[in-house]
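Engineer: Take this sequence and fold it.
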Amino acid sequence: MSALRQVRGWLSAKRRFQFVLTLVMVSALTAACGALLMLPNSVLPTLRAVVPGQDASQATDPQVPLVKRSMDAYGKVVAEPVPTGSGRTGIVLGHPGQRADLDVLASELAASTAAVSALWGQDWNRAPVVVVASSPSEFAALTRATGDVPAEVAASTVADPYRPGTQLTGQRVVFGPDAGRRLGADGLRSVLRHELTHMASRAVTVDGSPMWMLEGFAEYSAHRGMRHPITQIAPTLTARARAGDLPDDLPADAMFEPSSGKASLAYEQGWSACAFIADRYGDQALVDLYRQLASGPKDRAAVAAVLRDSLGATYTDLVGEWRAWLTSRTTEGA
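Structural biologist: Have a look, this model is predicted:
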């Protein structure tokens with residue numbers, strides 16, 4: 001019994017010692033925290049609060065490490081995280097040689113994301129990954145191009161293989177190595193908004209849909225609210241319209257092919273058709289029309305049916321009103 005009491009006494013003493021030690025530690029920590037709070041801000045390190053949706057695992061797209069590894073073969077990689085609102089963070093990636101382009105794109109990414117959302121809505125990633133390639137070969141690798149990339153292609157949006165109804169992954173905008181030199185800062189901003197619009201609308205876009213709507217809508221989004229004159233957005237179309245050479249029809253898909261020699265004019269016509277629809281019927285009507293026309297390949301009869309159901313206009317009347325709109329816009333200040 002005496003041995004048992006000795007054991008119990010030892011356990012009781014141990015618990016008392018642990019309790020006292022705990023009190024000492026708590027008191028010391030409390031005092032230390034109080035001392036830290038009394039220090040001036042200049043002495044304290046800068047601490048970043050972590051809130052739901054802003055931790056490191058969610059700050060960047062999961063594809064970023066893979067993209068960085070691919071870019072490592074072409075030189076040192078520079079990464080610029082950009083908060084884009086609502087707790088989301090996009091990122092701009094490139095190499096030191098593209099520093100000027102990286103700075104322009106990083107400074108514009110948040111505003112461009114907001115501008116696209118203001119037109120399209122909030123139902124897209126809104127934490128874009130934007131990459132600037134250092135060479136044509138790196139551009140081809142980042143865009144998964146299988147052939148020669150046309151020199152006039154300033155940027156491209158790519159994504160992992162996608163099936164409607166599933167989640168989009170691997171979306172990124174890739175700029176070519178000469179984009180900044182060719183386009184200037186203002187051109188980079190417009191192209192960024194164009195490509196982000198493709199990113200935003202990809203989930204409802206089926207390959208083979210009418211190109212005048214797919215590319216025209218992206219061009220309209222790129223220039224919307226930017227106060228760019230029509231002579232800047234559509235110089236070829238403007239010159240032709242002023243000479244009385246108005247388009248007879250909406251641009252065919254074949255015109256958008258770089259090999260057609262008419263791609264620039266096709267983009268200008270597509271932009272003007274969408275700008276006219278937005279001016280005549282409103283932005284939301286244009287977005288709704290996009291969603292319907294982007295649902296798959298459509299011949300002229302199918303397009304006409306969508307226009308009639310969505311806008312209450314026949315195909316012929318819409319083309320005629322578009323031509324009149326072009327005449328009025330291109331002669332202003334002529």
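
Engineer: Which residue, other than its chain neighbours, is closest to residue 288?
Structural biologist: The shortest distance from residue 288 to any non-neighbouring residue, by CB to CB, 6 or more residues apart in numbering, is to residue 310 (6.2 Å). Placement of C-beta: from N, CA and C, glycine included.

Engineer: and the one you found, how many neighbours?
Structural biologist: Applying other CB atoms under 10 Å, we find 18 residues neighbouring residue 310.

Engineer: the bottom helix or strand of this protein by mean pLDDT?
Structural biologist: helix 2-38 (a mean of 36; mean pLDDT, DSSP states H and E).

Engineer: how does this protein divide into domains?
Structural biologist: Listed by automatic domain parsing, the domain ranges of the chain are 1-40, 54-201, 205-334.

Engineer: Check these for me: which has the lowest mean pLDDT.
Structural biologist: Of all these, mean pLDDT reaches its minimum on domain 1-40 (a mean of 36).

Engineer: As a check, name the ranges of all helices in the stretch 51-200 of the chain.
Structural biologist: Secondary structure of the stretch 51-200 of the chain by DSSP state H, counting those that start in this stretch: the helices cover 56-59, 64-72, 99-120, 136-143, 179-201.

Engineer: Tell me what angle the longest one forms with helix 99-120.
Structural biologist: In terms of direction (axes from the mean of the first three to the mean of the last three CA atoms, to 10 degrees), helix 179-201 departs from helix 99-120 by 30 degrees.

Engineer: which strands and helices sit next to the helix or strand that comes right after helix 179-201?
Structural biologist: Using DSSP states H and E, the helix or strand that follows helix 179-201 in sequence is helix 211-223. Judged by 3 or more CB pairs under 8 Å, 6 or more residues apart in numbering; DSSP states H and E, the packing partners of helix 211-223 are helix 99-120, helix 179-201, helix 263-281, helix 283-293.

Engineer: still on that earlier bit, out of the helices of the stretch 51-200 of the chain, nearest to residue 253?
Structural biologist: helix 179-201 (16.1 Å; CB to CB).

Engineer: export that closest one as PDB, just CAs?
Structural biologist: Only the C-alpha atoms of helix 179-201 are listed here, as PDB (Å, rounded to 0.1, in the frame of the first residue of the first chain):
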ATOM      1  CA  ALA A 179       3.300  41.100 -80.300                       C
ATOM      2  CA  GLY A 180       4.300  44.100 -78.200                       C
ATOM      3  CA  ARG A 181       6.700  45.500 -80.900                       C
ATOM      4  CA  ARG A 182       4.000  45.100 -83.600                       C
ATOM      5  CA  LEU A 183       1.000  46.200 -81.600                       C
ATOM      6  CA  GLY A 184       2.200  48.700 -79.000                       C
ATOM      7  CA  ALA A 185       0.700  49.000 -75.500                       C
ATOM      8  CA  ASP A 186      -2.800  49.900 -76.700                       C
ATOM      9  CA  GLY A 187      -2.800  47.000 -79.200                       C
ATOM     10  CA  LEU A 188      -1.700  44.600 -76.500                       C
ATOM     11  CA  ARG A 189      -4.600  45.700 -74.300                       C
ATOM     12  CA  SER A 190      -7.200  45.100 -77.100                       C
ATOM     13  CA  VAL A 191      -5.800  41.700 -78.000                       C
ATOM     14  CA  LEU A 192      -5.800  40.700 -74.300                       C
ATOM     15  CA  ARG A 193      -9.500  41.600 -74.000                       C
ATOM     16  CA  HIS A 194     -10.200  39.700 -77.300                       C
ATOM     17  CA  GLU A 195      -8.500  36.600 -76.100                       C
ATOM     18  CA  LEU A 196     -10.000  36.800 -72.600                       C
ATOM     19  CA  THR A 197     -13.500  36.900 -74.300                       C
ATOM     20  CA  HIS A 198     -12.700  33.700 -76.100                       C
ATOM     21  CA  MET A 199     -11.700  32.200 -72.700                       C
ATOM     22  CA  ALA A 200     -14.900  33.400 -71.000                       C
ATOM     23  CA  SER A 201     -17.200  32.100 -73.800                       C
END
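
Engineer: Give me the buried positions along whatever helix or strand residue 309 lives in.
Structural biologist: Using DSSP H and E, residue 309 falls within helix 300-311. Judged by neighbour count using 16 or more other CB atoms under 10 Å, the buried positions of helix 300-311 are 303, 304, 306, 307, 310, 311.

Engineer: Look at residue 244 and tell me its secondary structure.
Structural biologist: For residue 244, the assignment made with DSSP: H, G, I helix; E, B strand; the rest coil gives coil.

Engineer: Quick one: neighbours of it, just the number.
Structural biologist: Neighbour count for residue 244, taken as other CB under 10 Å: 7.

Engineer: about what we covered before: quick one, which of the helices and strands packed on helix 211-223 is nearest to residue 332?
Structural biologist: Closest approach to residue 332 among these (CB to CB): helix 263-281, 13.2 Å.

Engineer: Centre of the chain to that closest one, how far?
Structural biologist: Relative to the mean C-alpha coordinate of its chain, helix 263-281 is positioned 21 Å out (CA atoms, centre = their mean, to the nearest Å).

Engineer: now swap in stretch 106-122 and tell me
Structural biologist: The chain centroid and the centroid of stretch 106-122 are separated by 7 Å, computed with CA atoms, centre = their mean.
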